[in-house]
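> Following is a predicted model, sequence given first.
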Amino acid sequence: MHGDSAEDENLLAAHVGDARGLVAATGDDSQNVYVSLTARGLNPDLYIVARASSPGAEQKLRKAGADEVVLPHVIGGKEMALSALNVAQPVR
């Protein structure tokens, strides 16, 4: 379906009231906060995973109702560092 994921009527049309989980993964932290807040209001038992672009958005997403917050840039940076460390280790 197409529409603004932060609008009550769109979330209701997507059956958020019956859903077990929701992923808020737009490219905009404020939109993910609003989606999380709206979805939490429509379904208090919903498990919400939200994407954040900046570490500062994590706390806001949690306050808005996100159960888990994923920061792709942080995860990617850690993976790159681990890859670099693995290559830098001498072969025995």
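On my side now, so go ahead. Quick caveat: nothing in here was measured; it's all calculated off a predicted structure. Numbers count the residues shown, from 1 in each chain.
> what's the single longest helix in this structure?
helix 72-88 (DSSP state H).
> show me where this structure has strands.
Listed in chain order, the strands of the chain (DSSP state E) span residues 21-24, 47-51, 68-70.
> Redo those strands as TSV? Include distance to residue 87.
Backbone N, C-alpha and C define where each C-beta goes, glycine included. Formatted as TSV, these follow (distance: least, Cβ to Cβ, whole Å):
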stretch	distance to residue 87
strand 21-24	33
strand 47-51	29
strand 68-70	26
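> Residue 13 is nearest to which of these?
Closest to residue 13 of the strands of the chain, according to Cβ to Cβ: strand 21-24, at 13.6 Å.
> returning to that earlier point: give me the residues contacting the longest helix of the chain.
51, 53, 55 (Cβ atoms under 8 Å, 6 or more residues apart in numbering).
> The first one reaches residue 26, doesn't it?
Which is residue 51. Yes - assessed by Cβ atoms under 8 Å, residue 51 is found in contact with residue 26 at 7.3 Å.
> Name the residues contacting each of the two.
Common contacts of residue 51 and residue 26 (Cβ under 8 Å, 6+ apart): residue 32.
> More neighbours: which of these two?
Between residue 51 and residue 26, counting by other Cβ atoms under 10 Å, residue 51 is the more crowded of the two (20 against 15).
> In contact with the nearest residue to the more buried one once chain neighbours are set aside, which residues are there?
Spatial nearest neighbour of residue 51, excluding adjacent residues (Cβ to Cβ, 6 or more residues apart in numbering): residue 25 at 4.2 Å. Applying Cβ under 8 Å, 6+ apart, we find residue 25 in contact with 32, 50, 51.
> And for the first one, the neighbour number?
Other residues within reach of residue 32, judged by other Cβ under 10 Å, total 27.
> Who are the contact partners of it?
Shown in contact with residue 32 (Cβ under 8 Å, 6+ apart): 24, 25, 26, 50, 51, 52, 57, 61, 66.
> excluding its backbone neighbours, what's nearest it?
Nearest to residue 32 is residue 24, by Cβ to Cβ, 6+ apart, at 4.3 Å.
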